[in-house]
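Q: My questions concern the predicted model and sequence given below.
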Amino acid sequence: MSGRGRLALCAYLATVMAACSMLPLVAPASWLLQAAFLLAILTGVGALARRVPLARPLTVLAQAVVALLLLTLVFARHQALGGVLPGPDALVQLNSLLQQGATDVGQYAIPAPATSGIRLMMVGGVLVIGLAVDALAVTFRSAAPAGLPLLALYSVAAGLSSGGASWLWFVLAATGYLLLLLAEGRDRLSQWGRVFGGSARAPGRAQQSVFEHSAPLAPVRTGRRIGALALGIALVIPAMLPALDSGLLGNAGTGGDGDGTGGTISAVNPLVSLQNSLNQPEDREVMRYNTNAQDTKEMYLRIVALDEFDGASWKSSERHIKDVPDPLPRPDGLSPSVVTTDVQTSISAAGWYAQSWLPMPFPATQVNIKGDWRFEPVGRTLVGDRKQTTRGAQYTVSSLLVRPTAAQLAQAAAPSAALVKEYTRVPDSLPSVVSATARQVTSGAANNYERAVKLQDWFSTSGGFSYNTHVQSGSGTEAIANFLKEKEGFCVHFSFSMAAMARTLGIPARVAVGFTPGTPRPDGTMSVGLRDAHAWPELYFEGVGWTRFEPTPTRGTAPDYTRQQTPVDSPSSPAEPSKRASAEPSAAPSASDSCPPGDRRLGDCGPSAAAGVAGPTDSG
């Protein structure tokens, strides 16, 4: 094989190896085989054009035309002229598929299904990167800059994926680029012959021409060794150095250092994907749990509390974290006179669900989980350390079902001045209509409890609001004012608005993010899906602590203590174990592609899917 042919082959391999980093994004992975086949044709066209030879710009142009013909043949042949020529109808079809793909990317969680639009984006993207690599490394004989498109391909995949086996994709992409550089180096050296001395010649043997090509050259072997050593150092050294945490949690992973602080959690907004989760066309299962609670309507799985409202959005404040205590401290503000019930819950998170915060019933009193987790005491949340996530986690949580009476909430003493100052702060940009509406809705209320109930009932029943997940989300002050005017939105609007209005009335408030209790399964477990993602306000009452309210209509359930008839139970006691639920976390099946959506949501797709609890996410 000629030097340029070897270089073209290495450029092809480097592109395919870098494209492997996109495998976690889309399922099934057959799109990569299709992209590799089309890229092989494109590489062959380039090799033939250079052999003619064509001018360099004409070679690139020929490859670009062939790439367009190939995409037309695969994705728009019914609209093409003769099934392959991209006429106006074919171009419209390709553009429509690209727009559909962009919409699908925003709707589906990773791994997304390989719809026609997503497949065109993936295959077309690989062809474009492959064309750029081939043009730079082979046509223009400059392999080093060809690393830029390869880096772009890997960076997109690394940024979108949840990090599973990311080291493998890095090794593949880096190895491909290294092969390309070595091939270029060998090609350059082969044009000059064996410049450096090799083995001694036998006596009487004719002198070899300095221009005669021979294999493999000493510098090439040395270059391979240097490249392999450099790649190994790049992989090993970072693993030996202290972790430099970044991303959503900032320095959350510094761990305990003797004083129990363990770093801080940076102020973040985990609501980026909440609306996306609610609008998923398929309600993928996030987790399953079983519990000894007699009634699961209060089993909200809370992830994080948003306690800072800066006018642009609600977010969690920067907080100190520490090692997870056993047991967790008693909830702030909870009096022994309030009835509580001990609840035990076993949870199995899906294998795709990678969340930095741990979903738990609130308030948790003890958590048993493996991995690197830290405790944030103010919000009573567990946060992953050193990129620890919920992916496939199985854990048990002891929590309290707090059951105050209406009288206890109505007679709650005033909280501390520091707490009131922190949790009633609103930005100066908050429109006056928010506080004016809050006073109007709660007129006639005798205490903060009655004001809170009036706000909840106004949003959920009497105010004329409707639930709609497709409206523009928004979380700033203007979004709240628009929501109060239009009266249409989803849980983000309802919870943010009620919390802001409560703060204007002097009631400490924050917003909790997590999941509603989920759907019962025939085996007695509860299934929680993406569409169970939810946000709700928490208001503080001295003697009870942070208390859940439910202003969102058609979502969750209003707590008993907000209704006219509030049951009064006996003193605190553990709940009786449920006969329908076991105490161990169950492995949730991952649904097959042929499983109907309804059965897939409930996990009833047969034993072939029993590969453990099969994620958001995103994001978050």
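A: Noted; the coordinates are in hand. Numbering: from 1, shown residues only.
Q: what does the host helix or strand of E422 contact?
A: Following DSSP states H and E, one finds E422 within helix 417-423. With contacts defined as Cβ atoms under 8 Å, 6 or more residues apart in numbering, helix 417-423 is touched by D307, A414, R503, G506, P508, A509, R510, Y540. Backbone N, C-alpha and C define where each C-beta goes, glycine included.
Q: Widest-spaced pair of these?
A: Between any two of the contacts of helix 417-423, the greatest separation by Cβ to Cβ is 19.2 Å, found for D307 and A414.
Q: With neighbour numbers in mind, choose between these two.
A: D307 (24 against 10; other Cβ atoms under 10 Å).
Q: Can you give me every residue that contacts the closest residue in space to that one that isn't next to it in sequence?
A: Here the nearest residue to D307 in space, its sequence neighbours aside, is R510; by Cβ to Cβ, 6 or more residues apart in numbering that works out to 4.1 Å. With contact set as Cβ under 8 Å, 6+ apart, R510 has these partners: A305, L306, D307, Y423, A499, P537, E538, W546.
Q: From those residues, which land in strands?
A: Among the contacts of R510, DSSP state E puts A305, L306, P537, E538, W546 in strands.
Q: In JSON lines, list those residues along with neighbour count and pLDDT.
A: Output for these, formatted as JSON lines (neighbours: other Cβ atoms under 10 Å; pLDDT from 0 to 100):
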{"residue": "A305", "neighbour count": "24", "pLDDT": "90"}
{"residue": "L306", "neighbour count": "27", "pLDDT": "89"}
{"residue": "P537", "neighbour count": "30", "pLDDT": "93"}
{"residue": "E538", "neighbour count": "24", "pLDDT": "94"}
{"residue": "W546", "neighbour count": "25", "pLDDT": "94"}
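Q: what two of those residues are the furthest from one another?
A: Farthest pair in those, by Cβ to Cβ: L306 and W546, 12.4 Å.
Q: Okay, domains of this structure per the record?
A: 3-194+218-240, 408-563 (automatic domain parsing).
Q: Tabulate those domains (a markdown table), appending distance to T381.
A: Listed next are those as a markdown table, based on distance: least, Cβ to Cβ, whole Å:
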| stretch | distance to T381 |
| --- | --- |
| domain 3-194+218-240 | 20 |
| domain 408-563 | 10 |
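Q: In terms of mean pLDDT, which of those domains ranks lowest?
A: Mean pLDDT per stretch puts domain 3-194+218-240 lowest among those, at a mean of 82.
Q: how distant is that one from the center of its chain?
A: When distances are taken as Cα atoms, centre = their mean, to the nearest Å, domain 3-194+218-240 is centred 26 Å away from the chain's centroid.
Q: Just name the closest of the ones in strands among the contacts of R510 to G514, please.
A: For the ones in strands among the contacts of R510, the nearest to G514 is A305 (9.6 Å; Cβ to Cβ).
Q: ok now do the closest one, which residues does it touch?
A: Contact analysis of A305 by Cβ under 8 Å, 6+ apart lists S316, V378, G379, R380, T381, R510, V511, A512, V513, E538, W546.
Q: again, but for T365
A: P327, L328, R330, D342, S398, S399, L400.
Q: Not counting residues beside it along the chain, what's closest to the third one?
A: Of all residues not flanking R330 in the chain, T365 sits nearest, at 7.8 Å (Cβ to Cβ, 6+ apart).
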